[in-house]
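**Student:** Structure of the sequence below:
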Amino acid sequence: MSIILALLFVGVAIGIGYWLERKHSAVRRQEALKPKPSPFWEGIFVHPGHAWVEVVEPSLVAVGADGFTKSVFGSVEGLTLPETGTMIRQGERAWALKRGRRHLSQTAPISGTVVEVNRDLVQNPELLAQKDTKRNWVLKIRPMRLKRELQNLLHGNVLRRWNQAVKEQLAVTLTTAEFPVLQEGGEIKPDLGNDLTPEQWDQVAREFFK
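**Tutor:** Residues are numbered from 1 along each chain as shown. Predicted structure coming up:
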């Protein structure tokens, strides 16, 4: 009798263990299927001064000029870039674009130490007009206060609404222009800056790059 009871006990124990393992496996599968939250730094962030930030990793970000800048400035002939090792602060001058007598200083979208500059842009400023952030970045920075300062930038739906408002404001600013400012679909005309008179450019610079 004791042998039978022992065998029954072992069988029950095995059955319970098998049931528990299946239950835990099901829980693990459910957990694996749950969407993982995105990192807080995912996507493109933009400073109101029209410079973007993309987080390469928590200790490294790439920054550059946004599409609005490239459209209203026109063809870029040269850039003035800081040296590696330079400390820059969010909202302060970081780099400058040049085209003839036209000059635009852009503010740093994030604080940190410059660890790399895009030398390809110096040799070929036209790369700035590309949409690929892996090619048109201006600086790479080791950020000081990444999470805190990203909160000061535009992102996601807020960024999309802001971009739309900026385009509408530009159309109003250049309402007397003798050329179309916005294309069908509401996008800014590419290289619009090439058509701007010095007076029109000065007005755009005052209103959008304070």
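**Student:** center of this protein, which residue is that?
**Tutor:** In the chain, the residue lying closest to the centroid (Cα atoms, centre = their mean) is residue 44, at 2.2 Å.
**Student:** helix or strand right after the worst-scoring helix or strand of the chain on mean pLDDT?
**Tutor:** Among the helices and strands of the chain, helix 2-33 carries the lowest confidence by mean pLDDT, DSSP states H and E, at a mean of 52. Per DSSP states H and E, the first helix or strand lying C-terminal to helix 2-33 is strand 44-47.
**Student:** Can you spell out which helices and strands pack onto that following strand?
**Tutor:** Judged by 3 or more Cβ pairs under 8 Å, 6 or more residues apart in numbering; DSSP states H and E, the packing partners of strand 44-47 are strand 51-57, strand 154-155, helix 156-173. Glycine gets a C-beta too; all of them are placed from N, C-alpha and C.
**Student:** For that strand, what is the distance to the chain centroid?
**Tutor:** Here the centre of mass of C-alpha atoms in strand 44-47, compared against the chain's by Cα atoms, centre = their mean, to the nearest Å, lies 4 Å away.
**Student:** Name the residues of that strand that come out as buried.
**Tutor:** Neighbour counts over strand 44-47 (16 or more other Cβ atoms under 10 Å) mark 44-47 as buried.
**Student:** now swap in stretch 138-158 and tell me
**Tutor:** For stretch 138-158, by 16+ other Cβ under 10 Å, it's 138-141, 143, 146, 149-150, 153-155.
**Student:** average pLDDT across it?
**Tutor:** Across stretch 138-158, pLDDT averages out at 96.
**Student:** and it, how far apart are its ends?
**Tutor:** Terminal residues of stretch 138-158 are spaced 24 Å apart (Cα to Cα, to the nearest Å).
**Student:** Kindly report the same for stretch 92-111.
**Tutor:** 9 Å.
**Student:** Which positions in it come out as buried?
**Tutor:** Within stretch 92-111, the residues scored as buried using 16+ other Cβ under 10 Å are 94-95, 97, 99, 102, 104, 106-111.
**Student:** show me where pLDDT drops low in this structure?
**Tutor:** The chain contains residues with pLDDT under 70 at 1-41.
**Student:** Could I get the buried residues of stretch 138-158 in JSON lines, plus columns for secondary structure and distance to residue 194?
**Tutor:** Converted to JSON lines, the buried residues of stretch 138-158 look like this (DSSP: H, G, I helix; E, B strand; the rest coil; distance: Cβ to Cβ, whole Å):
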{"residue": "138", "secondary structure": "coil", "distance to residue 194": "21"}
{"residue": "139", "secondary structure": "strand", "distance to residue 194": "25"}
{"residue": "140", "secondary structure": "strand", "distance to residue 194": "29"}
{"residue": "141", "secondary structure": "strand", "distance to residue 194": "30"}
{"residue": "143", "secondary structure": "strand", "distance to residue 194": "34"}
{"residue": "146", "secondary structure": "helix", "distance to residue 194": "36"}
{"residue": "149", "secondary structure": "helix", "distance to residue 194": "34"}
{"residue": "150", "secondary structure": "helix", "distance to residue 194": "33"}
{"residue": "153", "secondary structure": "coil", "distance to residue 194": "29"}
{"residue": "154", "secondary structure": "strand", "distance to residue 194": "27"}
{"residue": "155", "secondary structure": "strand", "distance to residue 194": "30"}
